[in-house]
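J.: From the sequence below, what's the structure:
(one chain, ligands or ions: 2)
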Amino acid sequence: MAQWIEGTVVDNIHWTENLFTLKIDAAVDDFTAGQFTSLALEIDGERIARPYSYLSSPGQRPLEFFFYTATGGKLSNALVRLSPGDGVWIKQGANGFFTLGEVPPAQDLWMLGTGTGVAPFFSILNTDEAWQRFEKIVLVHAVRTLADLRYQEMVEKLKQQHGTRFRFQAFVSREEIPGTLHGRVPLAIEDGSLQSAVGLELDLERSHFMLCGNPDMVKDATELLKARGFRKNRRRTPGHITVENYW
Ligand SMILES: Cc1cc2nc3c(=O)[nH]c(=O)nc-3n(C[C@H](O)[C@H](O)[C@H](O)COP(=O)(O)OP(=O)(O)OC[C@H]3O[C@@H](n4cnc5c(N)ncnc54)[C@H](O)[C@@H]3O)c2cc1C
Ligand SMILES: NC(=O)c1ccc[n+]([C@@H]2O[C@H](COP(=O)([O-])OP(=O)(O)OC[C@H]3O[C@@H](n4cnc5c(N)ncnc54)[C@H](OP(=O)(O)O)[C@@H]3O)[C@@H](O)[C@H]2O)c1
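T.: Ligands and ions are numbered 1, 2, ... in the order given. As a prediction, the model looks like this:
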């Protein structure tokens, strides 16, 4: 069982009413990009814990997490109120299999994330392994409104570092924003507008998909990809689709 240790909040960035980032100092064990840990606070005399993906890469300090304050959510609405210097419980060891070690060989890696579900992708994108293993990496960030489209500075830095090997595509579903795709990811795969926008085709020999965030997006996109012959990736039967559901 992983131990709880006490971390210290270094920064709390409030992006919007519902989105924030915590930077935390804590002596956690080494983890693998794409994994999650647990954070916890004492609320009304009870320790309330939830899983959160690392957005920071292995070795990077401070540790970084990207949050959505769920409506009526107990922990996220307490985490958002933390200030620099405050304590927060964190599990020393990380968990999860949403990592490149679980992804079989492929040329193109498609990362499809909704909301804060982009966090593990940034952790992975900032490792050398990602760029040693794949020719091209596509990051898709699907959000409701333009204000939810965060971490654009990191996207720009990745573009500068990796040129055309890195492709980024934003989806904004509830506003019409020039330069982004409107609507939902599965439909855009179905009608080919995502592939046109990023200049890359889906290919049974070349493509692997990592899906993270809203379980409805994960389910709908998986079903659509399966209908095109792509298979769920399992340890015993490697395939093309690796998923992480946030709720
Ligand atoms: C592997 C993993 C990684 C995650 N990483 C992140 C992350 O990086 N950033 C982030 O913001 N969140 C992440 N989450 C979600 C996070 O763990 C919490 O669920 C979220 O912060 C809400 O917690 P809460 O206590 O505020 O709300 P809760 O009181 O737990 O829930 C409030 C409402 O949110 C919805 N909801 C939340 N969690 C669930 C659930 N498990 N099942 C069903 N409905 C749910 C429901 O509508 C619920 O009524 C991750 C979840 C998993 C499983
Ligand atoms: N983000 C989190 O980490 C988190 C954690 C716990 C709970 N929640 C819960 O999630 C809700 C809001 O989360 P959010 O702001 O991150 O937004 P979200 O509802 O997950 O939406 C993010 C994007 O995903 C799209 N989407 C939703 N369902 C889809 C589907 N079936 N197929 C493809 N795309 C789909 C949305 O499109 P549309 O605009 O068309 O719907 C939107 O563009 C709240 O109810 C909250 O309690 C979120």
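J.: Can you give the distance from the longest strand along the chain to the centre of its chain?
T.: Assignment by DSSP state E gives strand 4-14 as the longest strand of the chain. Chain-centre distance of strand 4-14: 19 Å, with CA atoms, centre = their mean, to the nearest Å.
J.: Let's test this: mean pLDDT of it, rounded?
T.: In this model, strand 4-14 carries a mean pLDDT of 98.
J.: Over to stretch 144-158?
T.: 98.
J.: Could I get the contacting residues of whichever residue of the chain sits closest to ligand 1?
T.: Closest approach between the chain and ligand 1, counting by CB to the nearest ligand atom: residue 73, at 2.2 Å. (Glycine included, C-beta is placed from N, CA and C.) Residue 73 sits next to no residue when contact means CB atoms under 8 Å, 6 or more residues apart in numbering.
J.: Next: the one 10 residues further on.
T.: If a contact means CB under 8 Å, 6+ apart, then residue 83 has 9, 12 as its contacts.
J.: ok, back up a step: quick check: buried residues in the longest strand of the chain?
T.: 7-10, 12 (16 or more other CB atoms under 10 Å).
J.: Give the other helices and strands that the following helix or strand past it contacts.
T.: Using DSSP states H and E, the helix or strand that follows strand 4-14 in sequence is strand 19-25. The contact analysis (3 or more CB pairs under 8 Å, 6 or more residues apart in numbering; DSSP states H and E) places strand 19-25 against strand 4-14, strand 63-68, strand 87-91.
J.: at 10 Å what do you get?
T.: strand 4-14, strand 36-43, strand 63-68, helix 76-79, strand 87-91 (3 or more CB pairs under 10 Å, 6 or more residues apart in numbering; DSSP states H and E).
J.: Run me through the strand neighbours of it, direction for each.
T.: Using DSSP bridges, strand 19-25 pairs in its sheet with strand 4-14 (antiparallel), strand 63-68 (antiparallel).
J.: Mind putting the buried residues of strand 4-14 into a markdown table with distance to residue 19?
T.: Output for the buried residues of strand 4-14, formatted as a markdown table (distance: CB to CB, whole Å):
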| residue | distance to residue 19 |
| --- | --- |
| 7 | 21 |
| 8 | 22 |
| 9 | 17 |
| 10 | 18 |
| 12 | 12 |
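J.: Throw the residues you listed into a markdown table and include distance to ligand 2, thanks.
T.: As requested, these are exported to a markdown table (distance: CB to the nearest ligand atom, whole Å):
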| residue | distance to ligand 2 |
| --- | --- |
| 7 | 20 |
| 8 | 23 |
| 9 | 19 |
| 10 | 21 |
| 12 | 17 |
